[in-house]
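# quick one, fold the following:
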Amino acid sequence: MSSYRIGIDVGGTFTDVVGIASDGTQTLAKAASTPADQSIGVVEGLRSLAAALGLPLEALLRQTERIVHGTTVATNALLERKGAEVWLLTTEGHRDVIEMREGLKPERYDLRLPPAEPLVPRHRRLGVKERLRPDGSVAVPLDQASLDAAIATLQAAGAEAVAIGFLHAWRDPKHEHAAAAAVLAALPGATVTCSADVLPQIKEFERFSTTAVNAYVGPVVSRYLARLAGRLEAAGYPGPLFVILSHGGVAPVAEAARLAVGTALSGPAGGVAAAVALARQGMGGDLVTFDMGGTSTDIALVVGGEAALGRGRTVGGERIALESLDIVTLGAGGGSIAHLGAGGTLQVGPQSAGAVPGPACYGHGGTEPTVTDANLVLGYLDPGSFLGGAKRLDLAAAQAAVGRLAARLGITPEACASGIHALVNARMADGVRLATVRRGVDPRDSALLAFGGAAGLHATAVARELGLARATVPLFAAGLSAWGMLHTDLRYELAQSAIGAGGIPADAEVRALFDTLERDGRARMAGWYQGEVAARRSADMRYGEQVFEVAVPLDGIDWAGPDLAGRLRAAFHARHRALFTYDLPEEEVVLVNARIAVVGRLPTSPAAGLASTGGAAGAMAQRRLLLDGVPVTAPVWSFEALAADEAVAGPAIIESATTTVLLRAGDTARMDARGWLDVAVG
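Below you'll find the predicted structure:
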């Protein structure tokens with residue numbers, strides 16, 4: 001009897017579920033997302049997977065070893081401003097740090113830009129008399145009367161979520177922890193978050209902001225995960241549930257609920273994890289991920305089989321300083337709505353039709369023209385074979401929606417649909433430039449890895465606009481993010497600021513700092529997992545006069561030998577030179593933050609399921625398309641039936657049950673035996 005591992009990715013339109021059997025066979029199922037309660041769509045997706053495998057849902061769940069889930073609950077709460085009502089306790093006299101930010105506007109030359117609205121308004125920010133010095137010594141003891149007065153205000157308001165951020169708590173959390181214990185005693189049902197537990201690092205605004213966001217999304221995420229766990233248990237699932245976090249690793253539900261802010265990029269992280277796995281399985285070269293779903297497109301870089309990590313991300317206008325995958329997100333997807341801008345010009349997105357009502361062609365009440373409607377009008381989609389024939393698209397509704405916009409522009413519906421398609425391609429190409437060129441990387445040295453349900457129709461056009469010679473589209477493109485969640489590991493991140501009077505502390509102090517972090521991380525991992533565990537060391541470092549830090553990997557460092565500080569300096573100089581083409585050996589080097597990532601190696605299934613069935617006898621049919629305004633008759637091929645090394649020349653359509661790939665004139669696609677189309681872009 002087979003056992004299964006299941007990955008679940010909740011998107012804006014569809015929930016993708018991938019099951020990998022113990023023999024490596026992989027199965028993809030989809031269900032409509034349910035934004036009001038994502039757990040409903042998750043269970044429906046599992047039911048669809050069970051049906052595809054010919055099993056009752058309860059039998060499938062009994063045979064499942066683990067479920068890994070990517071969720072957009074935290075992201076949606078931030079974007080839609082639907083989180084908890086947060087209160088902030090902070091050092092007396094410093095309650096405006098979270099509103100003053102770093103003193104800079106996001107668009108510094110926009111004189112009309114209004115100030116950002118703080119996540120915690122001023123009347124909910126309460127000062128408490130206390131203060132630590134930067135070395136952790138007490139300047140002002142925690143004043144019990146001041147704390148009691150703040151707690152009385154919280155009780156009177158019935159506070160649901162409380163963030164606690166005191167000055168220099170990264171050095172010593174005793175005041176924060178004492179305040180948290182007092183708040184919980186008075187408000188036992190509240191979510192209480194201490195900055196020292198979320199981000200024990202210097203830079204007060206980043207620490208306070210990240211802590212406030214954690215308190216803001218914490219109750220929403222906790223309630224969702226509790227509902228999901230309850231639904232799974234009621235359906236018969238006895239095993240563990242993991243959540244993929246923004247850094248690309250997974251964690252148990254309890255940890256995801258504790259550090260809810262770490263789920264802000266949960267869904268897109270699965271796609272990057274998949275790209276890393278495919279690069280290591282032989283896809284070759286550096287990859288630019290191009291994950292186009294129903295509401296957005298996510299873009300990231302995988303270089304040398306490793307994904308780029310970064311800090312200081314902004315989601316919904318709020319700074320989150322946790323380490324996360326470096327992902328650029330655009331409001332451009334299959335459900336993006338085409339409309340007229342302020343100047344009467346054609347615009348696409350960022351508004352999306354989402355899962356409800358969805359594109360006009362879905363027949364769920366949508367009337368606005370979307371990218372999917374335009375692709376249907378242009379002939380790129382088959383109305384009768386969408387989702388393998390499980391759903392029929394309404395061509396007349398798509399034509400009517402696009403036609404209404406075309407009439408306002410004074411052009412034909414076909415020209416309007418072509419414009420929508422071309423405009424969204426241009427927007428996504430700009431997103432790739434943002435993720436590459438602005439980071440000093442030439443995208444022409446990489447292949448475009450296209451996945452998500454909508455990416456195949458746009459991949460070669462985006463690659464051509466960027467000058468990329470190669471694009472790849474996996475057979476499981478529509479569910480690759482869910483697939484990727486099953487090809488990553490448990491991960492726990494720890495960090496601690498180390499900055500002091502000197503640039504780099506004494507060798508013994510540095511060793512003790514990293515050893516303590518690693519010991520704490522391994523102890524935490526032991527509570528989750530008893531398998532193979534590895535620890536990766538890194539540091540945030542800078543030159544003395546720099547105003548930003550550089551992340552420096554330290555795994556190759558000899559930690560036992562003499563002159564550890566010298567080796568750290570050398571590693572920083574080399575990293576700075578690799579990133580910026582120069583280094584300054586004569587300048588002082590400062591160690592700012594020590595970092596440890598503790599990784600628990602989860603077992604993976606045999607790499608068998610991405611491969612196609614093979615045996616295609618030729619094109620299945622012919623279809624009339626409109627390519628760049630020119631009518632074309634193109635062959636339609638079955639993705640699943642393409643044999644290994646079989647080549648298809650464009651213009652052509654390659655269809656699977658869950659995705660469609662458009663090849664233009666000059667493109668040639670070859671089916672790789674491992675289950676992806678390798679497209680040479682003409």
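
# so where's the protein shaky on pLDDT?
1, 388-389, 501, 604-619 (pLDDT under 70).

# how's it carved up into domains?
4-77+222-263, 83-216, 490-600, 621-680 (automatic domain parsing).

# deepest of those, which one?
Of all the domains of the chain, domain 4-77+222-263 has the most neighbours on average by mean count of other C-beta atoms under 10 Å, namely a mean of 21. C-beta coordinates here come from the backbone N, C-alpha and C atoms, glycine included.

# ranges for the strands of the stretch 1-150 of the chain?
4-10, 14-21, 26-32, 64-70, 86-91, 125-128, 131-132, 138-140 (DSSP state E, counting those that start in this stretch).

# residues in contact with Ala471?
The neighbours of Ala471, taking C-beta atoms under 8 Å, 6 or more residues apart in numbering as the test, are Ala447, Leu448, Leu449, Ala450, Ala459, Thr460, Ala463, Val679, Val681.

# next, the angle strand 86-91 makes with the lengthiest helix in the chain.
Ranked by number of residues, the top helix in the chain under DSSP state H is helix 204-235. Relative orientation of helix 204-235 and strand 86-91, computed by axes from the mean of the first three to the mean of the last three C-alpha atoms, to 10 degrees: 140 degrees.

# what is the orientation angle of helix 204-235 with strand 64-70?
Going by the same axes, to 10 degrees, helix 204-235 makes 140 degrees with strand 64-70.

# partners of the next helix or strand after helix 204-235 in the sheet?
Sequence-wise, the next helix or strand downstream of helix 204-235 (DSSP states H and E) is strand 241-244. Using DSSP bridges, strand 241-244 pairs in its sheet with strand 64-70 (parallel), strand 250-252 (antiparallel).

# distance to Gly379 added to those, as a markdown table?
Shown next, in a markdown table, are these (distance: least, C-beta to C-beta, whole Å):
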| stretch | distance to Gly379 |
| --- | --- |
| strand 64-70 | 33 |
| strand 250-252 | 41 |
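
# so Leu468, which of the three states?
coil (DSSP: H, G, I helix; E, B strand; the rest coil).

# close enough to count as contact, it and Ala450?
No: assessed by C-beta atoms under 8 Å, Leu468 is found out of contact with Ala450, at 10.8 Å.

# these two: who's more crowded?
Ala450 (30 against 22; other C-beta atoms under 10 Å).

# quick check on the more buried one: phi, psi?
Main-chain torsions, Ala450, degrees, to the nearest 10: phi -100, psi 130.

# got the contact list for it?
Contacts of Ala450 (C-beta under 8 Å, 6+ apart): Phe290, Met292, Gly456, His458, Ala459, Ala471, Thr472, Val473, Ala477.

# contacts only, for the second one.
For Met292, the contact set (C-beta under 8 Å, 6+ apart) comprises Ala332, Gly333, Gly334, Met428, Ala450, Phe451, Gly452, Gly453, Ala454, Ala455, His458.

# what about the second one, which SS state?
To tie it back to what came earlier, the one meant is Gly333. Applying three-state DSSP: Gly333 is coil.

# who's in contact with the closest residue to it other than its chain neighbours?
Excluding the flanking residues, the one nearest Gly333 by C-beta to C-beta, 6 or more residues apart in numbering is Thr295, at 4.6 Å. Applying C-beta under 8 Å, 6+ apart to Thr295 gives the contacts Gly11, Gly12, Thr13, Gly331, Gly333, Gly335, Ser336, Ser352, Gly354.

# can you lay out the residues you listed as JSON lines showing distance to Arg439?
What follows is those, written out as JSON lines (distance: C-beta to C-beta, whole Å):
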{"residue": "Gly11", "distance to Arg439": "26"}
{"residue": "Gly12", "distance to Arg439": "26"}
{"residue": "Thr13", "distance to Arg439": "30"}
{"residue": "Gly331", "distance to Arg439": "21"}
{"residue": "Gly333", "distance to Arg439": "23"}
{"residue": "Gly335", "distance to Arg439": "28"}
{"residue": "Ser336", "distance to Arg439": "25"}
{"residue": "Ser352", "distance to Arg439": "27"}
{"residue": "Gly354", "distance to Arg439": "30"}
